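# Requesting a structural model of the entry that follows:
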Amino acid sequence: MRLRKNKCVGMESKLAELLLDPGSAPAKVQTHVAECDRCRNELAELKSTMALLDAWEAPAPNPYFLTRMEARMREEREATPAGWLARRIVRIRDSFAYGPRMRLRPVAAMALTGVLLVGGGTYLGITNWNHPIQPAGQTAVVHDLQTMENNAQLLDQLEALSNNDNNGD
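Below you'll find the model as predicted:
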């Protein structure tokens with residue numbers, strides 16, 4: 001029994017392939033389904049589900065749905081609430097939902113443009129974009145070669161000192 005469970009692991013996706021296109025399924029999967037009762041029953045259930053889905057027809061939409069919905073929304077908008085606080089809340093909610101009476105979007109866009117222009121000009125003034133291009137300093141390779149040359153000169157001097165000490169003794 002344990003051996004069959006291990007063989008059935010991962011068969012769900014392979015059963016779907018076998019259901020949709022039986023010719024493309026590997027022979028190993030087909031022989032497994034032929035031998036395994038559990039996988040065969042699963043495949044039969046998938047086939048019956050697909051047959052039910054093929055037979056199902058979507059219901060036709062009601063032709064008067066949109067008309068009734070628009071009428072209901074109009075009634076809700078035109079209905080006045082009972083208290084002054086409720087009317088005020090509804091007015092605020094409507095201003096958020098449908099926009100304010102005065103169209104302030106162009107004014108807000110112009111204000112934002114002005115803020116961006118002033119901010120950008122200030123940034124350019126602070127960073128001073130007219131920096132002169134400074135000549136490149138020594139590259140790392142040149143610096144390393146100069147250091148090695150200085151080290152070679154130092155070693156030559158130390159060798160000369162040691163030769164003088166050896167000659168003087």
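# average pLDDT for the longest helix that the chain contains?
Using DSSP state H, we find that the single longest helix of the chain is helix 140-168. Taken as a whole, helix 140-168 carries a mean pLDDT of 80.
# how about the helices in this structure?
2-8, 11-20, 27-35, 37-55, 65-78, 84-98, 105-127, 140-168.
# In the second one, which of the residues would be classed as buried?
Residues of helix 11-20 classed as buried by neighbour count (16 or more other C-beta atoms under 10 Å): 11, 14, 15, 18. For every residue, glycine as well, the C-beta is placed using N, CA and C.
# Hmm, residue 32 and the first one touching each other?
It stands for residue 11. Yes: the pair residue 11 / residue 32 is scored as a contact, 7.0 Å apart, by C-beta atoms under 8 Å.
# which residues do these two both contact?
The contact sets of residue 11 and residue 32 overlap at residue 39 (C-beta atoms under 8 Å, 6 or more residues apart in numbering).
# just to revisit the earlier point, now the longest helix of the chain: buried residues?
Buried residues in helix 140-168 (16+ other C-beta under 10 Å): none.
# and residue 33, how many neighbours does it have?
For residue 33, the count of nearby residues is 19 (other C-beta atoms under 10 Å).
# List the residues that contact it.
Residues near residue 33 by C-beta under 8 Å, 6+ apart: 15, 18, 39, 40, 43.
# let's see it at 6 Å
Applying C-beta atoms under 6 Å, 6 or more residues apart in numbering, we find residue 33 in contact with 39, 40, 43.
# can you put those residues in JSON lines and add neighbour count?
Formatted as JSON lines, those follow (neighbours: other C-beta atoms under 10 Å):
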{"residue": "39", "neighbour count": "21"}
{"residue": "40", "neighbour count": "14"}
{"residue": "43", "neighbour count": "18"}
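# Pick the one among these closest to residue 75.
residue 43 (54.1 Å; C-beta to C-beta).
# Grab the nearest non-local neighbour of the closest one.
residue 15 (5.3 Å; C-beta to C-beta, 6 or more residues apart in numbering).
# Correct me if wrong: that neighbour contacts residue 44.
No: between residue 15 and residue 44 there is no contact under C-beta atoms under 6 Å: 10.3 Å.
# In this structure, which residue is most central in space?
Geometric centre of the chain, nearest residue: residue 13, 27.6 Å, by C-alpha atoms, centre = their mean.
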